[in-house]
Structures are given as structure tokens and as C-alpha cells.
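Peer 1: Requesting a structural model of the entry that follows:
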Amino acid sequence: MAISLVSTSNELEGYRVVRQLGVVRGLTVRSRSVLGNLGASLQTLLGGNITLYTELAEKARQEAFDLMVQHAMQRGANAVIAMRYDANEITDGVTEVLAYGTAVVVEPR
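Peer 2: The predicted model follows:
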């Protein structure tokens with residue numbers, strides 16, 4: 001079964017939840033490379049968006065999201081509701097990103 005819907009809300013308009021399968025999650029841990037830190041440091045001198053960190057953050061979120069979706073599919077879900085992200089710095093330069101939500105089976109109303 002494929003995941004067709006992921007939402008931060010607790011309900012999906014036009015669908016009804018027929019079964020809740022529990023919490024699903026995707027976790028990734030990322031570190032910044034020495035070269036990445038150097039490049040980002042140079043970008044901070046110019047101000048504005050620090051694209052190296054933006055790209056790293058986006059890749060980490062996408063990986064965590066994809067892992068969460070895989071976990072939901074393994075549980076037999078076709079949707080995830082109440083989806084959230086969380087991020088914590090484990091140690092200097094090492095960050096974990098967690099995507100989590102409730103795996104559900106939905107059907108159109």
C-alpha cells in the first residue's frame with residue numbers, strides 16, 4: 001500500500017479514518033563537514049541566507065520524512081496524520097531530525 005496523504009492536521013478533509021496503526025517515525029542524524037562549515041562561515045560574512053546550511057537542513061528533513069513514510073507503509077498505512085518535525089543538537093555540529101506522525105488507513109467519504 002502506498003502513502004498518498006501526509007498532513008499536519010488530525011483529519012483529512014474528504015476522508016475518514018478507518019483504522020489507526022500507531023506512531024511512525026523517521027530519524028536521521030547529520031553532521032556538518034569541515035568544508036561545509038568553512039563555506040558557511042564565508043557566507044555569514046556576506047549576510048543573508050546561508051545556503052549550505054539550508055541545503056543540509058532540507059536534506060535532513062527530507063530523509064527523515066522519507067523514512068517516516070517507509071515506516072508507515074510497513075505498518076500498512078495509506079496516510080499519515082498529525083505529522084511533525086523535531087530537531088535536536090546531539091553534540092556540537094551533530095543534529096538529529098525526527099519526522100513523526102500517526103499512521104492511518106483512510107478511505108474517501
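Peer 1: Specify which residues of the chain, grouped into ranges, have pLDDT under the cut-off.
Peer 2: For the chain, the stretches flagged by pLDDT under 70 are 1, 32-50.
Peer 1: looking at this, residue 23 is in a strand?
Peer 2: Yes. Residue 23 sits within a strand when classified using DSSP: H, G, I helix; E, B strand; the rest coil.
Peer 1: So what pairs up with it in the strands?
Peer 2: Going by DSSP bridges, residue 23 is paired in beta bridges with residue 102.
Peer 1: Next, count neighbours for it.
Peer 2: Residues near residue 23, counting by other C-beta atoms under 10 Å, number 15. Bear in mind the C-beta positions are built from the backbone N, C-alpha and C, glycine included.
Peer 1: now it: how far from residue 98?
Peer 2: With distances taken as C-beta to C-beta, to the nearest Å, residue 23 is found 11 Å from residue 98.
Peer 1: what sits against residue 24?
Peer 2: Residues in contact with residue 24, defined by C-beta atoms under 8 Å, 6 or more residues apart in numbering, are 68, 71, 72, 75, 77, 80, 100, 101, 102, 103.
Peer 1: what would those look like in a markdown table with distance to residue 86 and neighbour count?
Peer 2: Written out in a markdown table, the entries for the contacts of residue 24 read as follows (distance: C-beta to C-beta, whole Å; neighbours: other C-beta atoms under 10 Å):
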| residue | distance to residue 86 | neighbour count |
| --- | --- | --- |
| 68 | 12 | 26 |
| 71 | 15 | 21 |
| 72 | 17 | 28 |
| 75 | 20 | 16 |
| 77 | 20 | 28 |
| 80 | 15 | 29 |
| 100 | 7 | 18 |
| 101 | 11 | 25 |
| 102 | 15 | 18 |
| 103 | 17 | 25 |
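Peer 1: and the residues you listed as TSV, adding distance to residue 2?
Peer 2: Conversion of the contacts of residue 24 to TSV gives the following (distance: C-beta to C-beta, whole Å):
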residue	distance to residue 2
68	14
71	14
72	10
75	13
77	10
80	12
100	19
101	16
102	17
103	13
